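K.L.:
how would this look folded up:
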Amino acid sequence: MSETIMNGENRLRVNNVRKMRGFIAFAAGMAGLLFGLDIGVISGALPFITTHFDLTSRLQEWVVSAMMFGAALGAISTGWISFRLGRKTSLMSGATLFILGSLGSAFAPNVQVLLISRVLLGFAVGIASYVAPLYLSEMAAKEDRGKLISMYQMMVTIGILAAFLSDTAFSYSGNWRMMLGVISIPAFLLMVSVFGLPDSPRWLASKGMFVKAKEILCKLSTTDDEAEAELAEINESLRVKQEGWGLFKSNKNVRRAVYLGMLLQAMQQFTGMNVILYYAPQIFKSAGFANTEQQMIATVICGLTNVLATLIAMKTVDKSGRKPILKVGFAGIAFGTFLLGVCLYMINAGFNAGWISFVAVLMTLFTITSFAMSAGPVVWILCSEIQPLKSRDFGVACSTTTNWIVNMIIGATFLTLINSFGIAVTFWIYTVLNISFVVLTILLIPETKGISLEQIEKNLMDGKPLKDIGV
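P.N.:
You can find the predicted model right below:
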């Protein structure tokens, strides 16, 4: 009888643990969805905002890049916020800013208020891009950690696709305010969800709140022994004090790792992928798609391609390795942007054959696929793998901030490049950059597949060339 009761209690506990982990995955996934929504929504809204406020090319760039400026600020400050206030409070702050930023954008009476609201949204994105994966990594079971973090990245691409679909639906009426304001709905759901989240046991332990940390671990573990063992591991890992800035100043090998992470993020952004996401309707207009409906449908196809290609990366990155995928990806992006430039050049020169527009769309999708299956996810993986343990937080913060700063530069210069050199030459500039990234990958980027983080760190500290630290 007692054994039956015990088995029933065990099943109940397992079910409760499963529900709690599922709820955590849902809430953190909502942060990823909002991240993607904010990245994707501006592409469809921008043409209507431009008409409403009579924006110049420079102001259009500011509207796009204001979010990336806010995200850079968020990435710089979120490490401190997350350390001081905890992961849960940080996510709550992000949800609040998502709501304020989206509603502020929707009701903006002038472009100045719109820019301020976009900066607030960017700050929220900066929080989400840092805290949500960190929270998932600290809350997930060891065997599910990689899957859950990959799921977060997938939710970002789904958010981009959802933004494109939403933009298409509202494009028939030209209601750009609804395009921007609808983001407040999932932001509100995130805020409500965060209320029910437990805080990270690792963060609680780092603040000396061991009893509360154990209580949460018991809710996340199927047995008390498992919770005790997890708490012991957390305490052991906390003995390694983060000394990022000090090590950066004093150790050249730490500097090499930080600079490599920053280079990887710059390479990812200078592929030109986000240009396609931010300015997709304008690109398709240049490719011969005259009406808004055609441009928005083509944009939705881009978002769907992005999601499906990310699935390819999730399936291959641990089998094929990081370096081969990056080389193939950068080469594919170079090929796609070159032929896209050729098509746009022919259209601008007066060639009106329908096949040219078809090839332009095909090359846009090929470029997106090449990025989403390579540099998109692989750069984030490498940036977390190459940093030494004692300076990992500092190194990842530097590379993440670089990502958003370069992202801002890309968004703030694309239309200027088009006006100065033409759209075809602009894409050929990205072609040259991607060819150089293939060379940099061969010369500098290590292969880290199947190598322990400890071995990578040892090779780095022994002074091995960067391309060999994964050997």
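
K.L.:
can you tell me which helix or strand Val406 belongs to?
P.N.:
Applying DSSP states H and E as the criterion places Val406 in helix 392-421.

K.L.:
average pLDDT for whichever helix or strand comes after that helix?
P.N.:
Going down the chain from helix 392-421, the next helix or strand is helix 423-444, by DSSP H and E. Here helix 423-444 scores 94 as its mean pLDDT.

K.L.:
which parts of the helix holding Val406 are buried?
P.N.:
392-408, 410-412, 414-415, 417-418 (16 or more other Cβ atoms under 10 Å). Backbone N, C-alpha and C define where each C-beta goes, glycine included.

K.L.:
again with stretch 252-265
P.N.:
Residues of stretch 252-265 classed as buried by neighbour count (16+ other Cβ under 10 Å): Asn253, Val254, Arg256, Ala257, Val258, Tyr259, Leu260, Gly261, Met262, Leu263, Leu264, Gln265.

K.L.:
my read: the fourth one touches Ile456, true?
P.N.:
When you say that, I think you mean Ala257. No: contact criterion Cβ atoms under 8 Å: Ala257 and Ile456 do not qualify, at 9.2 Å.

K.L.:
and which of the buried residues of stretch 252-265 is nearest to Glu138?
P.N.:
Nearest to Glu138 among these is Gly261, at 20.7 Å by Cβ to Cβ.

K.L.:
mind listing what the closest residue to the closest one other than its chain neighbours touches?
P.N.:
Leaving aside its sequence neighbours, Gly261 sits nearest to Ser399 (Cβ to Cβ, 6 or more residues apart in numbering; 3.5 Å). Neighbouring residues of Ser399 by Cβ atoms under 8 Å, 6 or more residues apart in numbering: Val258, Gly261, Met262, Leu264, Gln265, Cys383.

K.L.:
rewinding a little: what is in contact with Ala257 and Ile456 at once?
P.N.:
In contact with both Ala257 and Ile456: Ile386, using Cβ under 8 Å, 6+ apart.

K.L.:
all strands of the stretch 251-400 of the chain, in order?
P.N.:
Counting by DSSP state E, counting those that start in this stretch, no segments of the stretch 251-400 of the chain form strands.

K.L.:
low pLDDT regions in it?
P.N.:
278-279, 282, 288, 290-292, 317-318 (pLDDT under 70).

K.L.:
how about the secondary structure of the closest residue to Gly321 other than its chain neighbours?
P.N.:
Leaving aside its sequence neighbours, Gly321 sits nearest to Lys449 (Cβ to Cβ, 6+ apart; 4.1 Å). Here Lys449 is recorded as coil under DSSP: H, G, I helix; E, B strand; the rest coil.

K.L.:
from Lys319, how far off is Lys449?
P.N.:
Using Cβ to Cβ, to the nearest Å, Lys449 is found at 8 Å from Lys319.

K.L.:
so which of those two has more stuff around it?
P.N.:
More crowded of Lys449 and Lys319, by other Cβ atoms under 10 Å: Lys449, with 17 against 8.

K.L.:
wait, doesn't that one sit right on Arg322?
P.N.:
Yes: under the criterion of Cβ under 8 Å, Lys449 is in contact with Arg322, at a separation of 6.0 Å.

K.L.:
can I get the buried residues of stretch 252-265 in CSV including distance to Ala71?
P.N.:
Output for the buried residues of stretch 252-265, formatted as CSV (distance: Cβ to Cβ, whole Å):
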residue, distance to Ala71
Asn253, 29
Val254, 25
Arg256, 26
Ala257, 23
Val258, 20
Tyr259, 21
Leu260, 22
Gly261, 17
Met262, 16
Leu263, 19
Leu264, 18
Gln265, 13
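
K.L.:
closest to Gly36 out of these?
P.N.:
Gln265 (18.1 Å).

K.L.:
which residues are in contact with the closest residue to the closest one other than its chain neighbours?
P.N.:
Among residues not flanking Gln265 along the chain, Asn403 sits closest, at 4.1 Å (Cβ to Cβ, 6+ apart). Contact partners of Asn403, counting by Cβ under 8 Å, 6+ apart, are Ala75, Gln265, Gln268, Gln269.

K.L.:
and the pLDDT at Asn403?
P.N.:
Looking at Asn403, the pLDDT reads 85.

K.L.:
would you mind measuring from it to Ala266?
P.N.:
8 Å.

K.L.:
now do Asp393
P.N.:
For Asp393 relative to Ala266 (Cβ to Cβ), the value is 20 Å.

K.L.:
what's the first helix or strand after the top helix by length along the chain?
P.N.:
Counting by DSSP state H, the longest helix found in the chain is helix 2-53. Following helix 2-53 in sequence order, the next helix or strand is helix 57-85 (DSSP H and E).

K.L.:
mean confidence for that following helix?
P.N.:
The model assigns helix 57-85 a mean pLDDT of 84.

K.L.:
do stretch 154-171 as well
P.N.:
Here the average pLDDT along stretch 154-171 is 85.

K.L.:
and for stretch 210-227?
P.N.:
Here the average pLDDT along stretch 210-227 is 80.

K.L.:
next one: that stretch to chain centre, how far?
P.N.:
Distance of stretch 210-227 from the chain centroid (Cα atoms, centre = their mean, to the nearest Å) equals 31 Å.

K.L.:
swap in stretch 129-142?
P.N.:
Relative to its chain's centre, stretch 129-142 lies at 14 Å (Cα atoms, centre = their mean).

K.L.:
closest one of the buried residues of stretch 252-265 to Val361?
P.N.:
When the buried residues of stretch 252-265 are compared against Val361 (criterion: Cβ to Cβ), the nearest one is Gln265, at 28.6 Å.
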